[in-house]
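Visitor: Using only what follows, build the 3D model:
(one chain, ligands or ions: 2)
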Amino acid sequence: MDPYKTIISCTNQKGGCAKTTTAVNLATSLAEGNPSMGIPPAKVLLIDLDPQGNASTSFGVDKRLDVPTVYDLLMQPSDGTLNVHDYLIGPDILTDEMQRAFKNMNQDSRIPPRLKVENLYLLPSNIRLSGAEIELATKLGRETRLREALAPVMDDFDHIIIDTPPSLGLLTINALAASNWILVPVQAEYYALEGMSQLMNSIRLIQKRVNNHLKLFGIAVTMYTPQSKLSAFVEGEVRKHFGEDVFQTVIPRLMSIAEAPKDGAPVVLLKKPTKRNKGSKQYWGLAKEAHQRILARRAEYGVNPESVLRREAIERGDPEHIWDDIED
Ligand code: ADP
Ligand code: MG
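Guide: Ligands and ions are numbered 1, 2, ... in the order given. Prediction:
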């Protein structure tokens, strides 16, 4: 695994700190891109590694039990004959599912034209994955099964984002073993810092035993309540402890963010990133910072990989989609 590749696990063993919301919005905005913010579109794989399947439902995808999921990939025999691509929900179906979910909830409204994705692929999950923790325990190579399954498709995506369950069990270890980076959402509330030292210890252990490429990508302060002294205090503490690792962009606690999954799409798609739509604006801001960190990491390793979208457009002979890299 190349250390500069963008494989980010969104992880914190605490439940409800916006792991899924952050993973889903980041994956979507990096996939769609936003030229005016300097974010080029990219081919993105979002992996739902939580048996609750919340990342999948965020796009209105039914957690049907009869579809192949990441569970089957992890459980495959060690000869690794399963192909990740057979398990993916691609942009066309994702778009259909989002629009269907929106229509179900808003029967009298027109489907917003923004409600579509072009470059986003989802590896879904459902409750069957909850058996994986126990079943994996007795399997050979139990910590690196996801990494092995992803190896053949590493060059097919610009970025891979993994949403993890609220625990530091084998599923999360598989995510961290397959990642170069870990993004930690921290809820701006009283117990936020509790558990952070346990998380940092776990990261160190993974670095030592399974994946010495793993680094902290950043800490995102989420569910910030403006005017709350407590939120301001927690943000201050997080910045004091983690300094530059903390993203400048803070995600406020807003109904528009919480309600977006009901309308079948992440807030970055549902709403334009304007002053009025603070939820979308802030998640786009986080994506911009994330993109800058990705570029910095590539520069650190002296690499400038060609965008997968651009390569595929050239292969198809599709000049309309052969844009110049924005950062040039
Ligand atoms: P996790 O994956 O860490 O358990 P979620 O992303 O599922 O956390 O978020 C937990 C709950 O809080 C969800 O109902 C989600 O919609 C809501 N939520 C997440 N971020 C925000 C926010 N910024 N403002 C309001 N509600 C939020
Ligand atoms: Mg979650």
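
Visitor: quick check, A313 in a strand?
Guide: No. Assessed with DSSP: H, G, I helix; E, B strand; the rest coil, A313 is helix; it does not lie in a strand.

Visitor: what about it, distance to P35?
Guide: Distance of A313 to P35, given as C-beta to C-beta, to the nearest Å: 16 Å. Where C-beta positions appear, they are placed from N, C-alpha and C, glycine not excepted.

Visitor: next one: I182
Guide: Taking C-beta to C-beta, one finds I182 at 29 Å from P35.

Visitor: do L129 as well
Guide: 37 Å.

Visitor: Between these two, which is the more surrounded one?
Guide: L129 (23 against 10; other C-beta atoms under 10 Å).

Visitor: Let me see the confidence value for the more buried one.
Guide: Note on L129: pLDDT of 90.

Visitor: ok but it is inside a helix, no?
Guide: Yes. The assignment for L129 is a helix, going by three-state DSSP.

Visitor: these two touch, right, it and D50?
Guide: Yes. In this structure, L129 is within contact of D50 by C-beta atoms under 8 Å, at 7.5 Å.

Visitor: Check which helices and strands the top helix by length along the chain sits against.
Guide: Secondary structure of the chain per DSSP state H: the longest helix is helix 278-300. Identification of packing neighbours for helix 278-300 by 3 or more C-beta pairs under 8 Å, 6 or more residues apart in numbering; DSSP states H and E yields strand 6-10, helix 19-32, strand 215-222, helix 255-259, helix 267-270.

Visitor: For S109, which of the ones you listed is the nearest?
Guide: Closest approach to S109 among these (C-beta to C-beta): helix 267-270, 11.5 Å.

Visitor: intersection of neighbour lists for L129 and D50?
Guide: Common neighbours of L129 and D50, using C-beta atoms under 8 Å, 6 or more residues apart in numbering, are L171.

Visitor: And the helices in the stretch 101-250 of the chain?
Guide: Along the stretch 101-250 of the chain, counting by DSSP state H, counting those that start in this stretch, helices occupy 132-137, 145-150, 170-178, 196-209, 229-242.

Visitor: can you give me the offset of the first one from its chain's centre?
Guide: Averaging C-alpha positions (C-alpha atoms, centre = their mean, to the nearest Å) puts helix 132-137 23 Å from its chain's average.

Visitor: Quick check: buried residues in it?
Guide: Neighbour-count burial for helix 132-137, with 16 or more other C-beta atoms under 10 Å as criterion, is recorded at A132, E133, L136.

Visitor: residues in contact with the last one?
Guide: Remark: with contacts taken as C-beta under 8 Å, 6+ apart, L136 is in contact with L74, M75, R142, R145, L170, L171, N174.

Visitor: My guess is L193 contacts H241. True?
Guide: Yes. Using C-beta under 8 Å, L193 is in contact with H241, at 7.3 Å.
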